[in-house]
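*Asks:* sequence-free structure coming up:
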């Protein structure tokens, strides 16, 4: 989580403390940045309109509540997608300097979250299909160094369980991968999520087959990144999550669906009636957005309440883990870190509630 730690350090260097509210805003701003980048690079005004409408309804709804609300590790899931998209955008510029900038952004994606590694094969595929051998060699050399650096000193978390690479284990990974991809249209229904993921694969396969890379130079490789990133998450989390797709992973599903539908609309839009296909899709998108917000409102509220209860209990007892919810998976580590932060003047947990004098005329 290098990029998040850089945000924390920058906040401390500039203000003498760490403002988590500001960091949360920065994390959410990366989603806005992603949407601005994709809309601006979509091409014609009509293509930009299609991209904007799809992103608005699929990305700005409460299925993504965890990334929106938590200024800790969850905002990395917004950051990594922006970094990957920016790296792919840089590669499409065609110059050697742009390739180097793209590689730098890909390095940041790699050290943001583990599935940021997926940007390297996505970028390589783009360069191979474009026939840019020299840029491919540069990209491959830097990518190999970044991957070696990522795994240097790498250890597996002993507290986490992984599937065995048996036929049953592969089946679990495949089902969880499809569940991640189909999570957004499934609206929290775990049983139908894999079918949604399979439908997305069909859409992307059709769009990739009918859309030349020169027409979808960003959407197609970025969709490939989303598929590969979801695959890496599935390998690492299929067993540990017991099949549950957490809110923080929904951003990959939402992005992949937006890109797939975008390529599909562009392929079947009538030249003389360019708004027709979008008008047909708009009512289902609006209904989906409203249902998603309603469906996930309880999860949104409970996330806020659980987070606040954990903070209140820490303030009350002076240590983490004394209530039903905790600030960190390891309460002892959280307690030690918070105490060190206070002693060194880095950060102090603010007051949960301010004292109010009892009114003189108070009655039982």
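*Replies:* It's in. Predicted model, so just to flag it, every value in this text is computed and none were measured.
*Asks:* For the rest of this, base every contact and every neighbour count on C-alpha atoms.
*Replies:* Noted.
*Asks:* where are the low-confidence patches of this structure?
*Replies:* 159, 211-213, 352 (pLDDT under 70).
*Asks:* Burial check on residue 134, number of neighbours?
*Replies:* 11 (other C-alpha atoms under 10 Å).
*Asks:* ranges for the helices of the stretch 101-250 of the chain?
*Replies:* Remark: helices assigned in the stretch 101-250 of the chain by DSSP state H, counting those that start in this stretch are 119-130, 133-151, 167-181, 183-186, 193-210, 219-237, 250-268.
*Asks:* Can you give me the buried ones in the last one?
*Replies:* The neighbour-count criterion (16 or more other C-alpha atoms under 10 Å) identifies 250-266 as the buried residues of helix 250-268.
*Asks:* And for it, what's in contact with it?
*Replies:* By C-alpha atoms under 8 Å, 6 or more residues apart in numbering, the surrounding residues in contact with helix 250-268 are 47, 50-51, 54-55, 58-59, 63-64, 77-78, 81, 180-184, 200, 203-204, 207, 210-211, 216, 219-220, 222-223, 226-227, 229-230, 277-278.
*Asks:* can you check the shortest one too?
*Replies:* The contact list for helix 183-186, computed with C-alpha under 8 Å, 6+ apart, reads 58, 63, 189-190, 192-194, 196-197, 245, 250, 253-254, 288.
*Asks:* that older thread, which entries within the contacts of helix 250-268 meet the buried criterion?
*Replies:* Looking at these with 16+ other C-alpha under 10 Å, the buried ones turn out to be 47, 50-51, 54-55, 58-59, 63-64, 77-78, 81, 180-184, 200, 203-204, 207, 211, 216, 219-220, 222-223, 226-227, 229-230, 277-278.
*Asks:* Now do the phi/psi pair for the residue nearest the centre of the chain.
*Replies:* Residue closest to the average C-alpha location in the chain (C-alpha atoms, centre = their mean): residue 77, at 2.9 Å. With angles defined as degrees, to the nearest 10, residue 77 sits at phi -70, psi -20.
*Asks:* before we move on, what about residue 328?
*Replies:* phi -150, psi 150.
*Asks:* Once you drop chain neighbours, what's closest to it?
*Replies:* residue 334 (5.8 Å; C-alpha to C-alpha, 6 or more residues apart in numbering).
*Asks:* Let me know the distance separating that neighbour from residue 348.
*Replies:* 13 Å (C-alpha to C-alpha, to the nearest Å).
*Asks:* Looking at those two now, which is surrounded by more residues?
*Replies:* Legend: neighbour count by other C-alpha under 10 Å for residue 334 and residue 348, higher for residue 334 (18 against 15).
*Asks:* Tabulate the helices of the stretch 101-250 of the chain (TSV), appending distance to residue 19.
*Replies:* TSV is the format used below for the helices of the stretch 101-250 of the chain (distance: least, C-alpha to C-alpha, whole Å):
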stretch	distance to residue 19
helix 119-130	30
helix 133-151	28
helix 167-181	32
helix 183-186	31
helix 193-210	37
helix 219-237	30
helix 250-268	25
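*Asks:* With respect to residue 26, which of these lies nearest?
*Replies:* helix 250-268 (16.5 Å; C-alpha to C-alpha).
*Asks:* Give me the buried positions along the helix or strand that the closest one is followed by.
*Replies:* Once helix 250-268 ends, the next helix or strand along the chain (criterion: DSSP states H and E) is helix 276-295. For helix 276-295, burial by neighbour count (16+ other C-alpha under 10 Å) applies to 277-278, 285, 288-289, 292-293.
*Asks:* Work out the gap between helix 276-295 and the centre of the chain.
*Replies:* 22 Å (C-alpha atoms, centre = their mean, to the nearest Å).
*Asks:* That helix packs against which elements?
*Replies:* When contacts are defined as 3 or more C-alpha pairs under 8 Å, 6 or more residues apart in numbering; DSSP states H and E, helix 276-295 sits against helix 45-59, helix 250-268.
*Asks:* now the longest one against helix 193-210, angle please.
*Replies:* I take that to be helix 250-268. Interaxial angle, helix 250-268 versus helix 193-210 (axes from the mean of the first three to the mean of the last three C-alpha atoms, to 10 degrees): 40 degrees.
*Asks:* quick one on the thing from earlier: now the contacts of helix 183-186 in JSON lines, with distance to residue 172?
*Replies:* Formatted as JSON lines, the contacts of helix 183-186 follow (distance: C-alpha to C-alpha, whole Å):
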{"residue": "58", "distance to residue 172": "27"}
{"residue": "63", "distance to residue 172": "23"}
{"residue": "189", "distance to residue 172": "17"}
{"residue": "190", "distance to residue 172": "14"}
{"residue": "192", "distance to residue 172": "15"}
{"residue": "193", "distance to residue 172": "14"}
{"residue": "194", "distance to residue 172": "11"}
{"residue": "196", "distance to residue 172": "16"}
{"residue": "197", "distance to residue 172": "14"}
{"residue": "245", "distance to residue 172": "13"}
{"residue": "250", "distance to residue 172": "19"}
{"residue": "253", "distance to residue 172": "18"}
{"residue": "254", "distance to residue 172": "22"}
{"residue": "288", "distance to residue 172": "28"}
